[in-house]
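Could you work out the structure for the sequence below:
(chains A, B, C, D, E, F, G, H, I and J)
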10 protein chains.
Amino acid sequence: MLFHVRMDVRIPHDVPAETAARLKAEEKARFQELQRSGKWRHIWRVVGEYANYSIFDVDSNAELHDLLLSLPLFPYMQIQVQALCRHPSSLHDDDR
Amino acid sequence: MLFHVRMDVRIPHDVPAETAARLKAEEKARFQELQRSGKWRHIWRVVGEYANYSIFDVDSNAELHDLLLSLPLFPYMQIQVQALCRHPSSLHDDDR
Amino acid sequence: MLFHVRMDVRIPHDVPAETAARLKAEEKARFQELQRSGKWRHIWRVVGEYANYSIFDVDSNAELHDLLLSLPLFPYMQIQVQALCRHPSSLHDDDR
Amino acid sequence: MLFHVRMDVRIPHDVPAETAARLKAEEKARFQELQRSGKWRHIWRVVGEYANYSIFDVDSNAELHDLLLSLPLFPYMQIQVQALCRHPSSLHDDDR
Amino acid sequence: MLFHVRMDVRIPHDVPAETAARLKAEEKARFQELQRSGKWRHIWRVVGEYANYSIFDVDSNAELHDLLLSLPLFPYMQIQVQALCRHPSSLHDDDR
Amino acid sequence: MLFHVRMDVRIPHDVPAETAARLKAEEKARFQELQRSGKWRHIWRVVGEYANYSIFDVDSNAELHDLLLSLPLFPYMQIQVQALCRHPSSLHDDDR
Amino acid sequence: MLFHVRMDVRIPHDVPAETAARLKAEEKARFQELQRSGKWRHIWRVVGEYANYSIFDVDSNAELHDLLLSLPLFPYMQIQVQALCRHPSSLHDDDR
Amino acid sequence: MLFHVRMDVRIPHDVPAETAARLKAEEKARFQELQRSGKWRHIWRVVGEYANYSIFDVDSNAELHDLLLSLPLFPYMQIQVQALCRHPSSLHDDDR
Amino acid sequence: MLFHVRMDVRIPHDVPAETAARLKAEEKARFQELQRSGKWRHIWRVVGEYANYSIFDVDSNAELHDLLLSLPLFPYMQIQVQALCRHPSSLHDDDR
Amino acid sequence: MLFHVRMDVRIPHDVPAETAARLKAEEKARFQELQRSGKWRHIWRVVGEYANYSIFDVDSNAELHDLLLSLPLFPYMQIQVQALCRHPSSLHDDDR
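Numbering: from 1, shown residues only, chains lettered A, B, ... in the order given. Got it, this is the predicted structure:
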């Protein structure tokens, strides 16, 4: 089941630089783990912004919520989730 | 080069039903043509709305504009385009 | 799997009164069918507006989309869907 | 009498972690007390956000205001309240 | 129990003038009936707009919804309702 | 001459608790003084928010501005003012 | 007593051209009458828009409302009114 | 003196196709006349929208307003104007 | 050449009181200098807000930008500028 | 390939003055380097705001993202990017 997610990262400027760097490193590691598992199916950077559009492929709403909550940068992100479904005209099997 | 596109279809209720049906059939044909060519890389329906999120893979801004203008439903769509780029942490080659 | 849905009904004033009355009757019948099936779990009117908040309990995003599309008033509704999940502090089993 | 409430929690990042943890524990206790009393009838997490949709069942506007003000996280929440009423087509007795 | 209501009237310009005049006359009669009953406690015009702020004093959410639905101009009004309660500092008994 | 005023109070969380308590006490005293004078004609709490709707009865725009500026919480309030006038259909003499 | 007013004119395209021309001529005549009386103190066109910013000098809210309602284009205008007062630092007597 | 202008064209779907075609042809002719004169310094299409960003180089606000009003599609355009000035760091003489 | 300017002053609460007082005194002096020169033609307070509407009369966009940048409170103001022009119906010579 | 970019600079008031001054000097140097290379084709100040409209001429979305990320003030800017294309009516070769 697919979901469209936009994440905007807003780290306050008074968070110490080392804390921010550590969080970003942990975020990258967690992201790649989820990407390898197939749960975080796509990610693209929005040009000019500290933001991404992502497509998640999960078994339930609850699984998606738990994945997003597990992100180290979650406290500093504004997240918008929209449920997706297969487009009836699509010829591609995997845009399910 | 990838672009994120959201399309909201708003066909006024006084467009004759046959006209709307014909436009939708033409839209589907044109969409599948572009999907086969690889230009319209992904499409997903937004649950509960007459709208989609799409990812286009084109050679230039101008090519994307021409593709969108060629859609039979273009006069009845509100379209938002955002330029994308590869996420530096991504392990997938094709989220280019 | 639960979803929060807000529906705002906007029937243009030049839709003939009989058409509107027929659509509303069909909507009521379809609504009660879905309510009986347990898919349309809750519905409440928003005081002072021609709108409702509803909770749907479905097996997938696609099932929700198909249910909403099957509503006779769908072409005249603005619909917003948000995925829900169980609150970790809840003592109630059925707020799943 | 039912009310639809959306709560968005925004704890500033410079609130000490212990303070935040204590407030959340107190919030959970107060929430469960209100849930047991039947006043806080439903609660659902919004997927991907630190937010919930809730349904309150109270005797008056004033009772609802007092309940919301009594929440330990009230100073850090943005709250929107909308009065609800029974939908005339509903077959369920308790969507009153 | 008090509610704050803002009503914006938007009669489409292609509604026949006689229809609009009749609706306005019916609206005035219904309004004065509700004002006399004490349910429609206050009304003020917003300067420069075809809109009003009103205070309703009703026994329940459902009663308010029924009153608003009974207004002849309801189909042409955009209505926003907010639940009110007595301010703790107020010295006036009737700002209840 | 009547004015509709909405006040949203936003005291930053790093204002010391004693300062906030003192400001609120001063605000209450000033409010009751203005209420007794008849200038601050109505006040209602917005359910679930740290906000009020008020009706002021003043002789001029300038008098209203001076009253609002004299409120101890003014620096922490977001205030919206709208000029009102008597509704032509009103049967009440004092909704002037 | 001064008020800041923004007026946006939106004449629907299916209003007959003669009707629109007549309304505009009547608007101009009424405007100049109010300008001569000193009530409509200033008017400026917003560059690129069918809109103006105006300053009215009236004795009361009610007088302003009556003046705006008397404008022949009132049914086709979106109007926003804000109460003004003299700036304490101003050296000009007539920015009262 | 430079101005940034965004124009969104919204031709209602019930304007006859010939009228729309004639207006677009007239718009193109007028546009090219202004482009040749140097007044309409730049124009770019916004990808995916019936809209453009333009830079005008005029002697006064009034001249810009007159130019925009002279456009055949003016009645069907939503126009936003922002005054520009030379950036102090710019090395280019003609970004004046 | 006239411009409509709205200024909203937002001094963060942790700016020391003396700094704020000094900035306000400098702002007043600079304002009166510009008012005397005829460049800052009108200023009015927005009732209930720390904001003003102003009319500037300058020779160019650049002159306006330099004037606004020279204001001591500029770093704490949100400023919106709109180009104005004489209204064709105006009988007043100085609403140029 | 051209892009329209709006940049709003928001340096928090508690960033030390020397840090801000250094960042601005570095920004100016980097800007001029990009301007000389032809990548940052146009820049204009928005009158009255700490903001600019710019036109970039780059080979790809990714190149634009890298350029914007390389700006020393990037962490303090809000950036909006819109893809542009040549207007079909344009007579100028370089509005490509």
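
which strand in chain A runs the most residues?
The longest strand of chain A (DSSP state E) is strand A:77-86.

what about A:E27, which SS state?
Using DSSP: H, G, I helix; E, B strand; the rest coil, the structure places A:E27 in helix.

oh sorry, the question was meant for A:L64
A:L64 is classified as helix under three-state DSSP.

Once you drop chain neighbours, what's closest to it?
Nearest residue to A:L64, sequence neighbours excluded (Cβ to Cβ, 6 or more residues apart in numbering or on different chains): A:V58, at 4.7 Å. Every residue, glycine included, has its C-beta placed from N, CA and C.

Could you do A:S60 as well?
Per Cβ to Cβ, 6+ apart, closest to A:S60 is C:M1, 5.6 Å.

How about the secondary structure of A:L23?
Three-state assignment for A:L23 (three-state DSSP): helix.

That one: neighbouring residues, count only.
19 (other Cβ atoms under 10 Å in any protein chain shown).

quick one: the residue nearest to A:L64 from A:F31, how far?
In this view, A:V58 and A:F31 are 15 Å apart by Cβ to Cβ, to the nearest Å.

shouldn't A:S60 be in contact with C:F3?
No - in this structure, A:S60 is not within contact of C:F3 by Cβ atoms under 8 Å, at 11.6 Å.

what about these two, which has more around it?
C:F3 (24 against 15).

The spatially closest residue to that one that is not a sequence neighbour: which element?
In this structure, C:F3 finds its nearest non-sequential neighbour in C:F56, 4.7 Å apart by Cβ to Cβ, 6+ apart. With elements taken from DSSP states H and E, the one containing C:F56 is strand C:51-57.

Wait, A:W40 touches A:V58, no?
No - A:W40 lies out of contact with A:V58 (Cβ under 8 Å); the separation is 9.4 Å.

joint contacts of the two?
Both A:W40 and A:V58 are in contact with A:L67, where contact means Cβ atoms under 8 Å, 6 or more residues apart in numbering or on different chains.

residues touching the residue nearest to A:L64, list them.
The contact partners of A:V58, by Cβ under 8 Å, 6+ apart, come to A:M1, A:F3, A:K39, A:L64, A:L67.

Check the burial of the last one by counting its neighbours.
The one in question is A:L67. Neighbours of A:L67 using other Cβ under 10 Å come to 20.

Please apply the same query to the first one.
Number of residues near A:M1 (other Cβ under 10 Å) recorded here: 20.

try the fourth one
By the criterion of other Cβ under 10 Å, A:L64 has 23 neighbours.

Output the longest strand of chain A as CSV, nothing but the C-alphas.
Only the C-alpha atoms of strand A:77-86 are listed here, as CSV (Å, rounded to 0.1, in the frame of the first residue of the first chain):
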residue,chain,number,x,y,z
MET,A,77,10.4,17.7,10.5
GLN,A,78,7.0,18.9,9.2
ILE,A,79,5.4,15.8,7.6
GLN,A,80,2.4,15.6,5.3
VAL,A,81,1.0,12.1,4.4
GLN,A,82,-1.5,11.3,1.6
ALA,A,83,-2.8,7.9,0.8
LEU,A,84,-2.3,6.8,-2.8
CYS,A,85,-3.8,4.1,-4.9
ARG,A,86,-3.1,2.6,-8.3
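
The residue nearest to A:S60 reaches A:N61, doesn't it?
Yes - the criterion here is Cβ under 8 Å, and C:M1 meets it with A:N61 at 5.4 Å.

who touches the residue sitting nearest the centre point of chain A in this structure?
Geometric centre of chain A, nearest residue: A:S54, 5.2 Å, by Cα atoms, centre = their mean. A:S54 sits next to A:H4, A:V5, A:R6, A:M7, A:W40, A:R41, A:H42, A:I43, A:W44 when contact means Cβ under 8 Å, 6+ apart.

now, among those, which is nearest to chain J?
Nearest to chain J among the contacts of A:S54: A:W44, at 9.7 Å, using Cβ to the nearest Cβ.

Would you enumerate the residues in contact with the closest one?
A:N52, A:Y53, A:S54, B:L2, B:H4, B:I55, B:L84, B:C85, B:R86, B:H87, B:D95.

at 10 Å instead, please
For A:W44, the contact set (Cβ atoms under 10 Å, 6 or more residues apart in numbering or on different chains) comprises A:51-55, B:2-4, B:55, B:82-87, B:90, B:95-96, J:61.

And A:W40, by the same measure?
A:W40 sits next to A:5, A:30-34, A:54-58, A:67, A:71, B:90-92 when contact means Cβ under 10 Å, 6+ apart.

ditto for A:Q32
A:W40, B:S89, B:S90, B:L91.

Buried residues in the helix or strand harbouring it, which are they?
Element membership of A:Q32, judged by DSSP H and E, is helix A:17-37. For helix A:17-37, burial by neighbour count (16 or more other Cβ atoms under 10 Å in any protein chain shown) applies to A:L23, A:E27, A:R30, A:F31, A:L34, A:Q35.

C-alpha coordinates for that helix, CSV please?
Listed next in CSV are the C-alpha coordinates belonging to helix A:17-37 (Å, rounded to 0.1, in the frame of the first residue of the first chain):
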residue,chain,number,x,y,z
ALA,A,17,26.2,21.9,15.1
GLU,A,18,27.5,18.6,16.5
THR,A,19,24.0,17.5,17.5
ALA,A,20,22.7,18.4,14.1
ALA,A,21,25.5,16.5,12.4
ARG,A,22,24.9,13.4,14.6
LEU,A,23,21.2,13.5,13.9
LYS,A,24,21.7,13.7,10.1
ALA,A,25,24.1,10.8,10.2
GLU,A,26,21.7,8.7,12.2
GLU,A,27,18.9,9.8,9.8
LYS,A,28,20.9,8.7,6.8
ALA,A,29,21.6,5.3,8.4
ARG,A,30,17.9,4.7,9.3
PHE,A,31,16.8,5.9,5.9
GLN,A,32,19.1,3.5,4.1
GLU,A,33,17.9,0.6,6.3
LEU,A,34,14.3,1.4,5.3
GLN,A,35,15.2,1.9,1.7
ARG,A,36,16.9,-1.6,1.6
SER,A,37,13.8,-3.1,3.3
